[in-house]
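Participant: Structure for the following, please:
(one chain, ligands or ions: 1)
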Amino acid sequence: MAADAILEINNIEVVYNKTIQVLRGLSLSVGRGRIVTLLGSNGAGKSTTLKAISNLLELENGAVTAGSIRFGADDIADLTPHGLVRRGLFHVMEGRRIFEDLTVEENLTAASFALSGRGKRPDFDLVYQYFPRLHERRNGLAGYLSGGEQQMLAIGRALIAQPSLILLDEPSLGLSPVLVEEIFTIIASINRDLGTSMLLVEQNAAIAFAVAHYGYIMEAGKIVLDGPTERLMADEDVREFYLGMNSGEDARSYRDIKHYKRRKRWLS
Ligand code: ATP
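Facilitator: Numbers count the residues shown, from 1 in each chain. Below you'll find the model as predicted:
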């Protein structure tokens, strides 16, 4: 394991229902204190990768059938999802999983179970400092929050657990551009101020590149390209496929573009 990595995934394979193979030898690492983004088209296996890390696959009849995942010094295979949260790994799942029938503050309190045994107390002020809107709504039911505020609460629940690594699954999903910018500005400042490492899954590559230090691009269950953000942003194929010049009916997969380019080179 690299000395400065907080997370290291080594050549994992994931199979659902003992039959459907979704990850095919995927490797990646997250440096301590870094934001790393994992990009890829629908169905590439991004959420599956995050669930493999937080050990949630069992709930969906999935399993890591090969390879290994290390969080700090520990092999996650030996740890339960709750044990991982207590050790400082928090997964903010896609779709803003919050308790709608609890107030905002009760949602935060519920997530603070992660602090038990670590001798730390929940720091509500810290969460409210990053998300003043949650402070305004702290006594209101979470179910009545707007979509953006619910996403803020989902991230606030991570923050109250004082994790060293946050897994973020598509925080931009379904939010207006203004809100996406607001939330990503906060994500970047949490990383900068507190040194929290993050693995960020996104469809919105432009916003992911705006905050990430390093990126991986996956297709059909494995990594096809990786590099520091600036290098990826300068890559012609990434610009074409991920930065908005190719959408709708013309959308092709990154692999198709690669194949096409290779074919073109062979023919010329
Ligand atoms: P999206 O951006 O659409 O969320 P993704 O890259 O996160 O996509 P995953 O959700 O990891 O992709 O899904 C990868 C593949 O695994 C898909 O083909 C999906 O149908 C399949 N899959 C996901 N969850 C399950 C499950 N519980 N049982 C069987 N197959 C599943």
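Participant: residues contacting I207?
Facilitator: S172, V180, E181, F184 (Cβ atoms under 8 Å, 6 or more residues apart in numbering). All C-beta spots, glycine's among them, are computed from the backbone N, C-alpha and C.
Participant: just the buried members of these?
Facilitator: Among these, those classed as buried by 16 or more other Cβ atoms under 10 Å are S172, V180, F184.
Participant: so what's the last one up against?
Facilitator: The neighbours of F184, taking Cβ under 8 Å, 6+ apart as the test, are P171, S172, I207, A210, V211.
Participant: again, only this time at 6 Å
Facilitator: Neighbouring residues of F184 by Cβ atoms under 6 Å, 6 or more residues apart in numbering: I207, V211.
Participant: got the buried residues for the helix or strand hosting it?
Facilitator: Secondary structure from DSSP states H and E places F184 in helix 177-194. If you call a residue buried by 16+ other Cβ under 10 Å, then helix 177-194 has these buried ones: L179, V180, E182, I183, F184, I186, I187, I190, N191.
Participant: Over to stretch 15-23?
Facilitator: V15, V22, L23.
Participant: End to end on it, go ahead and measure it.
Facilitator: 7 Å (Cα to Cα, to the nearest Å).
Participant: can you check stretch 108-115 too?
Facilitator: Stretch 108-115: ends 12 Å apart by Cα to Cα.
Participant: can you check stretch 215-224 too?
Facilitator: Stretch 215-224: ends 11 Å apart by Cα to Cα.
Participant: what about it, near the ligand?
Facilitator: No - judged by Cβ under 6 Å from any ligand atom, stretch 215-224 and the ligand are separated, with a smallest distance of 7.4 Å.
Participant: Could you do stretch 42-53 as well?
Facilitator: Yes - residues of stretch 42-53 contacting the ligand under Cβ under 6 Å from any ligand atom: N42, G43, A44, G45, K46, S47, T48.
Participant: Next, format those residues as CSV and append neighbour count, pLDDT and secondary structure.
Facilitator: Formatted as CSV, those follow (neighbours: other Cβ atoms under 10 Å; pLDDT from 0 to 100; DSSP: H, G, I helix; E, B strand; the rest coil):
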residue, neighbour count, pLDDT, secondary structure
N42, 6, 87, coil
G43, 12, 91, coil
A44, 23, 93, coil
G45, 22, 96, coil
K46, 22, 96, helix
S47, 18, 96, helix
T48, 22, 97, helix
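Participant: which of these lies closest to D123?
Facilitator: S47 (29.2 Å; Cβ to Cβ).
Participant: can you map out the strands along the stretch 1-150 of the chain?
Facilitator: Counting by DSSP state E, counting those that start in this stretch, the stretch 1-150 of the chain has strands at residues 5-16, 20-31, 35-40, 62-71, 74-75, 89-92.
Participant: mean pLDDT lowest for which of those strands?
Facilitator: Of all the strands of the stretch 1-150 of the chain, mean pLDDT reaches its minimum on strand 74-75 (a mean of 92).
Participant: ok, that strand: who's next to it in the sheet?
Facilitator: Sheet pairing for strand 74-75, assigned by DSSP bridges, gives strand 62-71 (antiparallel).
Participant: Okay, buried residues for stretch 32-41 please.
Facilitator: G33, R34, I35, V36, T37, L38, L39, G40, S41.
Participant: And the last one, what's its pLDDT?
Facilitator: Which is S41. Predicted confidence (pLDDT) for S41: 86.
Participant: Next, it: phi, psi?
Facilitator: Phi and psi for S41, reported as degrees, to the nearest 10, are phi -80, psi 170.
Participant: What separation is there between it and the ligand?
Facilitator: The span separating S41 from the ligand equals 7 Å under the rule Cβ to the nearest ligand atom, to the nearest Å.
Participant: can you pull the contacts of the closest residue to R97 other than its chain neighbours?
Facilitator: Nearest residue to R97, sequence neighbours excluded (Cβ to Cβ, 6 or more residues apart in numbering): A154, at 6.6 Å. Counting by Cβ under 6 Å, 6+ apart, A154 makes contact with V92, R96, I98.
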